[in-house]
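> With the sequence up front, the predicted model follows.
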Amino acid sequence: MSPSELGILTTSGRRAGVAPARKPWIEHWLETCRDLTALSGTHPMMDAVIDEVDGRMIRVGDQWLADFASCNYLGFDLDPEIIAAVPDYLEAWGTHPSWSRLLGSPVLYEQIEQRLTALLGAEDALVLPTITHIHMSVIPLLAASGTIFLDARAHKTIYDGCQVARARGAAVRRFRFEDPDHLDELLSAEADPTRLVCMDGVNSMTGNAPDLVAFAEVTRRHGALLYVDDAHGFGVIGERSPDEPSPYGVRGNSIVRHFGESYDGIVLVGGFSKAYSSLLAFIACSTEVKRLLKVAAPPYLYSGPSPVASLATTLAGFDANERRGDALRAHLHRLCERVLTALARLGVATPNRSGLPIIEIPLRDHDRIDRVGRFLFERGVYVTLAAYPLVPKDEVGFRVQLTAANTDGEVDRLIDSLEELAVAGELRPVGDR
Ligand SMILES: Cc1ncc(COP(=O)(O)O)c(C=O)c1O
């Protein structure tokens, strides 16, 4: 095939033929993403334009829907006290400082890092705009030219951070999901003294937390560093307490505290963009590592900062969490229990064993995703569709996320729709694989 048939540009930059053809890599990706492309082109629950919100109800065109696709787990995006805190910060700092952090950071950053360090009970913490920024810059630094042991089902952004590390000379080996024994085997067989283990905390698909105590024991025994992304746990799960109002624990101070672990040999990454509804993320680490990141992590050196409104909602979120967080988490836990109890009564499968607010519901037949999604949309229920290739074909379905801002009425509507789908045989029964 000639360059002109492929539509490839000539070295002079002009197209070398008249017939406009797509480039082969575009064809490859369109084919890989065919199901998703078809869905996102036509489906009302994909790539939607949200016209209006009212509490956790959203309007798409003429249709009002109960939103079960939000990750604002504590409902802070709608919290009047947090919203009211923002104008004073804008008055004081403007909308956006625009310095990279190396150039200069408003004192708000120091306040956030101090409060976060105290909440987590960590040695130190550094905040940067997003978790993606952190993975892409910190994983390659920590891995150097050593070996990364990567959770096979880690979040895509962790994978991407590992790819950058690989390009800089690190080796990457994958261990089986939720399998500390397999990690143990791989670490035992590895001679490389620089070892970094990368994994998710609360998993964004299953809604379950890994057995952190077992993973920490294996990594420490092999002299490795454990790097955990708890984007979905921070703000939801926290340290256990005899008088905790729900099994999530108290204070929402993330997975390390939830499992009663120390930060010895553990680097914790999390974000404010889910439970705290703010564009900001953190790495909890030793002061020594923080010092290194402040001179070597590109997002600290070169990236623009988070908007002032996000720094403000983070600080106001700490106050709200201290005063009301445990009550919000108890409400959230009760809503999740209602949904999980309904699924059990209907005999419908879900990987969620934790009671946490991410409830994946696989379909009996992956080809029915379009129909099932449209049905839910018509019933006024908005969920995240998990289509192929976002998930393997045998896991195609939809994900329900609950937040403290959802009402019992919205959950009633969800359960009624799930019941109709179960009766119609659309959802995978328990025990069916
Ligand atoms: C586990 C996990 N890590 C990282 C991210 C990306 O976070 P950020 O938007 O802060 O880059 C997400 C987002 O959904 C996530 O679920």
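Happy to help now that I have it. Numbers count the residues shown, from 1 in each chain.
> need the residues of this structure near the ligand, please.
With C-beta under 6 Å from any ligand atom as the criterion, the chain comes near the ligand at residues 130-132, 155, 157, 200, 204, 229, 231-232, 271, 273, 281. C-betas here are computed from N, CA, C, even on glycine.
> show me the contacts for whichever residue of the stretch 251-400 of the chain sits closest to the ligand.
Relative to the ligand, the nearest point of the stretch 251-400 of the chain is residue 271 (4.2 Å; C-beta to the nearest ligand atom). Residues near residue 271 by C-beta atoms under 8 Å, 6 or more residues apart in numbering: 130-131, 231, 234, 280-282.
> same thing but 10 Å
If you count contacts by C-beta atoms under 10 Å, 6 or more residues apart in numbering, residue 271 has them with 71, 127-132, 134, 229-232, 234-235, 278-282.
> Same question for residue 350.
Residue 350 sits in contact with 206-207, 339-340, 343-344, 358-362, 397, 399-400, 427-428, 430, where contact means C-beta under 10 Å, 6+ apart.
> If we use 6 Å, what do you get?
Going by C-beta atoms under 6 Å, 6 or more residues apart in numbering, residue 350 touches 343, 359-361.
> swap in residue 286?
By C-beta under 6 Å, 6+ apart, the contact list for residue 286 reads residue 123.
> what do you get for residue 119?
Residue 119 sits next to residue 253 when contact means C-beta under 6 Å, 6+ apart.
> isn't residue 131 right next to residue 280, touching?
No: judged on C-beta atoms under 6 Å, residue 131 makes no contact with residue 280 at a distance of 9.8 Å.
> Out of the residues of the chain next to the ligand, who's the most crowded?
With neighbours defined as other C-beta atoms under 10 Å, the most crowded of the residues of the chain next to the ligand is residue 229; it has 32 neighbours.
> The spatially closest residue to that one that is not a sequence neighbour: what's it in contact with?
Distances taken as C-beta to C-beta, 6 or more residues apart in numbering place residue 269 nearest to residue 229, at 4.8 Å, with adjacent residues excluded. Counting by C-beta under 6 Å, 6+ apart, residue 269 touches 131, 134, 229, 283.
> so is residue 269 in a helix, a strand, or just coil?
strand (DSSP: H, G, I helix; E, B strand; the rest coil).
> How many neighbouring residues does residue 390 have?
16.
> Model confidence for the residue of the stretch 251-400 of the chain closest to the ligand, exactly?
If you check residue 271, the pLDDT there is 98.
> Tell me what the closest residue in space to it that isn't next to it in sequence is bridged to.
The shortest distance from residue 271 to any non-neighbouring residue, by C-beta to C-beta, 6+ apart, is to residue 281 (4.1 Å). According to DSSP bridges, the partner residues bridging residue 281 are residue 128, residue 271.
> Residue 281 is in contact with residue 133, isn't it?
No: applying C-beta under 6 Å, one finds residue 281 not in contact with residue 133, separated by 7.0 Å.
> Okay, helices next: where are they in the stretch 51-200 of the chain?
For the stretch 51-200 of the chain, the helices defined by DSSP state H, counting those that start in this stretch cover 80-93, 107-120, 131-143, 156-167, 180-188.
> Show me what counts as buried in the last one.
What that stands for is helix 180-188. 180, 182-184, 186-187 (16 or more other C-beta atoms under 10 Å).
> got CSV for the residues you listed, with pLDDT too?
Formatted as CSV, the buried residues of helix 180-188 follow (pLDDT from 0 to 100):
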residue, pLDDT
180, 98
182, 98
183, 98
184, 98
186, 98
187, 98
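> which residues sit against stretch 125-135?
Against stretch 125-135 from outside (C-beta under 6 Å, 6+ apart): 112-113, 116-117, 157-158, 161, 231, 269, 271, 280-284, 290, 293, 299, 306.
> can you check stretch 25-41 too?
Here stretch 25-41 makes contact (C-beta under 6 Å, 6+ apart) with 46-47, 387-388.
> which among the residues you listed gets closest to residue 368?
Closest approach between the contacts of stretch 25-41 and residue 368, by C-beta to C-beta: residue 387, at 11.2 Å.
> if I read this right, that closest one contacts residue 370, doesn't it?
No: Residue 387 is beyond contact range of residue 370, at 8.7 Å (criterion: C-beta under 6 Å).
> so how far is residue 289 from residue 95?
Distance of residue 95 to residue 289, computed by C-beta to C-beta, to the nearest Å: 31 Å.
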